[in-house]
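K.L.:
my questions concern the predicted model and sequence given below.
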Amino acid sequence: MLDQFGPPVLPPGLEPLRADVRAFLADWGSAYPAEKRALSWMGFDADFSRALGAKGWLGLSIPREYGGHDASPFERFVVNEELLAAGAPVTAHWIADRQSAPLLLRHGTEAQKQRYLPAICAGEMYFCIGMSEPGSGSDLASVRTKADRQTDGSWLLNGRKVWTTNADRCQAMIALVRTDPASERHAGLSQILVDLTLPGVMIRPIKDLSGHEHFNEVTFDDVRLGADALIGVEGDGWAQATSELAFERSGPERFLSAMTLFRCLVGAVGPAPDARQAVEIGRLVAWLISLRSMSISVTAQLASGQDPVWAASCVKDLGTGYEQETVEVAMRLIDSLPPGAQATTTRRVLAIVQSMAPSFSLRGGTREILRGILARGLGVR
Amino acid sequence: MRTLLQQSIERLLADAVTPDVLRAAEAGVWPADLWGKIEELGLPLAAVPEDLGGAGASWTDIFVVVRACGAAAAPAPLPEAILANSLLAAAGLEPPESGAIVFAAGTADAPLPEVPWGRHAKWLALHDTRTGRIALHALAEARIVLDNNVAGEPRDTITLAPGSLVADAATSAATDAVMLGGAMLRSAQMAGALGRLTEISAEYANERVQFGRPIGKFQAVQQQLAVLATQAAAAVAASEAAFLMATPNTEALTTASAKAVSGEAAGKGASIAHAVFGAIGFTHEHSLHFLTRRLWAWRAEYGSDAYWAEQLGRTIAARGDEGLWPLVTAAFAETKTDD
Ligand SMILES: Cc1cc2nc3c(=O)[nH]c(=O)nc-3n(C[C@H](O)[C@H](O)[C@H](O)COP(=O)(O)OP(=O)(O)OC[C@H]3O[C@@H](n4cnc5c(N)ncnc54)[C@H](O)[C@@H]3O)c2cc1C
């Protein structure tokens, strides 16, 4: 299993791209406050997403004929890590770019690709993921939302999804639903594309513990979907949904969510740390460099067509733990910061990141579920 | 070259490093047979350029050799010899053809503490901290005070004899080249040991039966094994990155990170393995301790995790918040420096 981590080699030639992204971010964000950067990939700004689309930095790995850029996964990695490190507001397009576009490219019909991919690449069309339901969290195979095929080939959708990030600000959802009413567990599930403006779709924002509204409850009451709403093969929903997991779990967003806090902390500690401050900060740097190298290594495996699900789960488990540890380190150092504007900002940012931190190891599969996958990979079950 | 090296070293160690050999080594017996085979394959000269008699392997290739030594708990200074010879070669000195060689930093006229495998070594590559030169010394006449690390590996104090100098030369190696090189080796050895620890712990969890089923059926044990595996993976990735970036002037950031991360992983990993193995793993009879005691020892050598974290912390703080991210991305440059 450990062999899934090869040498973490980034191919040459990426520096100009990195420099471009940095210059763009420097221009854009000189007045963008740390308190907003702290939201990391939960920050929403459609104008910003469109600007990225115009720069050609969305849909990087999508073919040109669909509005993409035929770029390598490494170019995508570089753009995304720069955006995340800067705390740029990327949530509008994030899921569409990361998951929905590759999914549509792989399993979608020609018509679906033509219709959605160019808009995703332009930063204009946003997607959400409809997996979780009130009764189905970790046990995703128990989903009950159903799409019944009608005689004219259309679908009738009924049920409820929950915790759906950005459903209130997206145009479309890719939902995992039961299309075979007689089926149980992993069989009989399909992925279906839901236009969220259709009649019968009700979206209710849910406040998180800090009062932010970013996830939602989405109820479907006799929503009529065209025959072309099905993505991929009917009944293959489980396999299709899980095949994207390596992409979802190994990216830099799994260890850079608390980067703004870390940056603030370094600034507030100042250039001459005492030994305790130096050890705490240095330890975070050591893990950051190492997690980045793990993530690059998984990207390299993905680029060569492998499916390193085990390694990706490993990155997510360690990476989200690292993000949460950043909060712990900040707590341990907060009283030692020299008083001043930077200390004040760091306190505010800490409060924001601390309030988000519990979700880091829940969203995208809980820590316990990931560790179960890791143990199975070791042959223990 | 990497695959070839990996296969030959793993085969060699699987045959030659038995629990009996390990016990004998701990009792002070030099595994001459093992060392003979290592020399037959030319491994101590692996990183030396071909024109100086070596194999010219890159550090990325060397990584698999050092990691394998860690995984097997190999009771011989092959990692040390590879680094010692490469230090000599980098200064234009020809490495000795045979006989174990190790390295140290210090001066020729003062005792050199904690020299790995000192009593068994024929040669010493000394990075002179006063002159900055690299010197090859013969150890035949040296005065040696025996000591061991917590794993029972020789860590002796050596006082060089007058006239021991064979050759010396100026070097462009960093002033702390020995500390950095040692840290790089130990992090890869820890990665190897942690990988092996993960394998044997998972195997044991599937074998040992309690409450009528293998203990691996218990989620508490599964979750612990998963943590062990992630720590092992972090150590592998961190030290792999250090070797990848090891240009003649060993890159301090990746090496410091590797030692800090692997050291922390060693602590967590060893503790989980001992939890999984229960009392049997706490016995001298069982071979678990060949790995776990080495992890403890290697974690402490050439800078503990806290030592390297502090260095990193000072470097980063001096650059400030604006310098943090550029430094992190530069630590790990994008062009592969395959020497
Ligand atoms: C901020 C945020 C955003 C999210 N966005 C989305 C989204 O956009 N789309 C979407 O579909 N979902 C989303 N989710 C939902 C997320 O995927 C679920 O929270 C997650 O899968 C866990 O489900 P649950 O919350 O129902 O917890 P449960 O499954 O009820 O788990 C509760 C606890 O029990 C443990 N547990 C459960 N089963 C096992 C087991 N077999 N072995 C050991 N332990 C177990 C879990 O690890 C956890 O600790 C989001 C969640 C958060 C917090």
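P.N.:
On my side now, so go ahead. Residues are numbered from 1 along each chain as shown, chains lettered A, B, ... in the order given.

K.L.:
and the helix or strand where residue B:21 lies, what does it pack onto?
P.N.:
Per DSSP states H and E, residue B:21 falls inside helix B:19-26. For helix B:19-26, there is no helix or strand it packs on, judged by 3 or more CB pairs under 8 Å, 6 or more residues apart in numbering or on different chains; DSSP states H and E. (Each C-beta comes from the backbone N, C-alpha and C, glycine too.)

K.L.:
which residues are contacting that helix?
P.N.:
Residues from elsewhere that reach helix B:19-26 (CB atoms under 8 Å, 6 or more residues apart in numbering or on different chains): B:31, B:34, B:73, B:75, B:76, B:152, B:287, B:290.

K.L.:
now with 7 Å?
P.N.:
Identification of contacts with helix B:19-26 by CB atoms under 7 Å, 6 or more residues apart in numbering or on different chains yields B:31, B:34, B:73, B:75, B:152, B:287, B:290.

K.L.:
tell me which of those residues is nearest to residue A:40?
P.N.:
residue B:73 (42.5 Å; CB to CB).

K.L.:
please save the CA atoms from the longest strand seen in chain A in PDB.
P.N.:
With secondary structure taken from DSSP state E, chain A has its longest strand at strand A:213-225. Extracted as PDB, the C-alpha positions of strand A:213-225 are listed here (Å, rounded to 0.1, in the frame of the first residue of the first chain):
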ATOM      1  CA  GLU A 213     -25.200  29.500   5.700                       C
ATOM      2  CA  HIS A 214     -23.400  27.400   3.200                       C
ATOM      3  CA  PHE A 215     -25.100  24.000   3.300                       C
ATOM      4  CA  ASN A 216     -28.800  23.200   2.700                       C
ATOM      5  CA  GLU A 217     -31.600  20.800   2.900                       C
ATOM      6  CA  VAL A 218     -33.000  20.100  -0.600                       C
ATOM      7  CA  THR A 219     -36.400  18.500  -0.900                       C
ATOM      8  CA  PHE A 220     -37.700  17.000  -4.200                       C
ATOM      9  CA  ASP A 221     -41.500  16.800  -4.500                       C
ATOM     10  CA  ASP A 222     -42.500  15.200  -7.800                       C
ATOM     11  CA  VAL A 223     -39.700  16.900  -9.700                       C
ATOM     12  CA  ARG A 224     -40.000  16.000 -13.400                       C
ATOM     13  CA  LEU A 225     -36.600  15.500 -15.100                       C
END
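
K.L.:
buried ones in the host helix or strand of residue A:23, by neighbour count?
P.N.:
In this structure, residue A:23 sits in helix A:15-29 according to DSSP H and E. Buried residues in helix A:15-29, counted by 16 or more other CB atoms under 10 Å in any protein chain shown: A:17, A:18, A:20, A:21, A:22, A:24, A:25, A:29.

K.L.:
packing partners for it?
P.N.:
Secondary-structure packing of helix A:15-29 (3 or more CB pairs under 7 Å, 6 or more residues apart in numbering or on different chains; DSSP states H and E): helix A:73-85.

K.L.:
quick one: the helix it packs on to helix A:15-29, angle?
P.N.:
Orientation of helix A:73-85 against helix A:15-29 (axes from the mean of the first three to the mean of the last three CA atoms, to 10 degrees) gives an angle of 30 degrees.

K.L.:
could you see whether chain B lies near helix A:73-85?
P.N.:
Yes - counting by CB under 7 Å from any CB of the partner chain, chain B has neighbours in helix A:73-85: residue A:85.

K.L.:
what residues does that helix touch?
P.N.:
The contact list for helix A:73-85, computed with CB under 7 Å, 6+ apart, reads A:10-11, A:14, A:17-18, A:21-22, A:25, A:40-41, A:57, A:60-61, A:90, A:251-253, A:256, A:259, A:296, A:299, A:302-303, B:325.
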